[in-house]
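Asker: okay, sequence plus prediction incoming.
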Amino acid sequence: MKKIRTPRMETVHTDCRFFRGDTPCSFHKSEGIHCQDCSHYEPIDIRILLIKLGAVGDVIRTTPLLRRLWQEFPHAHITWLTHTPEVVPRRVDRVLLFDPAVLVYLLATNFDLLYNLDKDAEACAVAELVQAKQKYGFGLRHGYCYPLNSLAEHKFLTGLFDDLNRANRKSYPQEIFEICGFEFEGEKYVLDRPSRERQWTIVQPHPLIGLNTGCGERWKTRLWPDEYWIELAKKLQQAGMGVLFLGGAQEHEKNLRLSHASGGSYLGYFPLPEFIQLVDQCDLLVTAVTMALHVAIGLEKRVVLFNNIFNRYEFELYGLGEILEPAVECVGCYRQKCDIDCMQMIEPELVLQTVREILKM
């Protein structure tokens with residue numbers, strides 16, 4: 001029988017990436033080894049807290065920053081605090097769902113670097129309270145969001161003044177990289193494909209065009225007319241392409257109507273992992289600024305993006321598609337309500353032509 005060396009406290013690698021603290025690590029469970037004899041030891045030399053709570057699309061479009069952090073700090077341990085852990089890449093060492101128990105834990109934990117990229121009061125409060133040697137992004141002053149240093153001033157000011165926001169020519173990835181002290185070099189999204197693949201039955205030809213018909217509850221000024229969706233779906237099918245309507249629970253009845261009127265497929269609405277799989281079945285996505293846009297970019301799908309109320313320069317499409325906007329001077333108005341329905345100026349024939357150009361048909 002092999003003699004087991006009794007481990008001592010000083011031989012326990014508490015700085016190892018695989019150390020769990022209260023339970024055995026995976027290598028002890030699989031191989032029975034102790035720290036002093038372990039060839040899998042990976043010492044951590046820096047601990048990073050990244051705060052980006054959500055919406056889902058915002059979390060996904062923050063993931064390019066991970067590529068730079070992994071490059072700059074290859075032996076770092078990264079913790080991500082969020083409302084939507086299901087879209088944080090599996091490679092992140094610790095993913096924490098924002099709740100009171102987690103906040104207590106964070107208050108008792110020290111970090112070397114803290115990056116808070118959210119302006120929400122609760123995120124800024126966490127950034128102020130958690131102990132870290134260096135902090136970047138946003139904290140609180142007099143109970144309101146305020147930049148922690150000069151690197152965050154540009155993003156802070158464009159959030160206060162619409163005219164500055166409209167004049168901005170930096171993409172969101174470029175802005176968050178600058179906040180963190182880096183220069184954006186085209187780093188792509190990091191989006192894991194779901195581990196369990198569902199078998200989809202989509203009776204449509206390829207290329208399959210996903211039509212994401214919603215725009216969320218907050219910015220209804222982004223809605224494209226229902227009759228335009230129907231017309232586009234018919235034109236796409238006449239051109240030999242397949243059509244799949246996409247959306248969430250609030251688009252369900254609408255998508256049933258659109259599908260019935262146009263002959264396009266609609267399979268229903270699904271939990272986020274399955275929605276990601278469904279988008280992955282498409283060759284191109286037509287959408288307003290929504291979570292689905294960022295899912296498509298993360299999956300490196302072709303996209304046609306409708307934009308009217310935001311600054312077009314905010315969106316990094318990585319050469320995957322085109323942005324279509326109405327021909328009005330007030331594009332980028334950030335209005336939730338408006339007397340002018342400018343989205344009807346983006347006509348289905350233009351969308352069809354753009355799809356053809358992107359797919360080289």
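Answerer: Alright, I've got the coordinates.
Asker: buried residues in stretch 46-56, which are they?
Answerer: Judged by neighbour count using 16 or more other Cβ atoms under 10 Å, the buried positions of stretch 46-56 are 46-54, 56. Just so you know, the C-beta spots here come from the backbone N, C-alpha and C atoms, and that holds for glycine as well.
Asker: and the average pLDDT for the helix or strand where K29 lies is what?
Answerer: Using DSSP states H and E, K29 sits within helix 26-31. The pLDDT scores in helix 26-31 average 91.
Asker: turn the buried residues of stretch 46-56 into TSV, columns for pLDDT and distance to M9.
Answerer: Below are these laid out as TSV (pLDDT from 0 to 100; distance: Cβ to Cβ, whole Å):
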residue	pLDDT	distance to M9
I46	98	24
R47	98	21
I48	99	27
L49	99	27
L50	99	31
I51	99	33
K52	98	37
L53	96	37
G54	84	40
V56	94	43
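Asker: tell me the one of those nearest T158?
Answerer: K52 (17.8 Å; Cβ to Cβ).
Asker: what sits against that closest one?
Answerer: By Cβ atoms under 8 Å, 6 or more residues apart in numbering, the residues touching K52 are 58-59, 62, 80-82, 117-118, 123.
Asker: could you list which of the buried residues of stretch 46-56 belong to strands?
Answerer: Those of these mapping onto strands are 46-51, per DSSP state E.
Asker: so which of those is the closest to F184?
Answerer: L50 (16.2 Å).
Asker: in the sheet, who's paired with that closest one?
Answerer: Beta bridges link L50 to W80, Y115, judged by DSSP bridges.
Asker: quickly note the distance from it to D93.
Answerer: Distance from L50 to D93, counting by Cβ to Cβ, to the nearest Å: 11 Å.
Asker: give the residues shared as contacts by the two.
Answerer: Joint contacts of L50 and D93 (Cβ under 8 Å, 6+ apart) are 78-79.
Asker: show the contacting residues for the closest residue to E316 other than its chain neighbours.
Answerer: Leaving aside its chain neighbours, E316 sits nearest to S171 (4.2 Å; criterion: Cβ to Cβ, 6 or more residues apart in numbering). Contacts of S171 were listed using Cβ under 8 Å, 6+ apart, and they are 184, 313-316.
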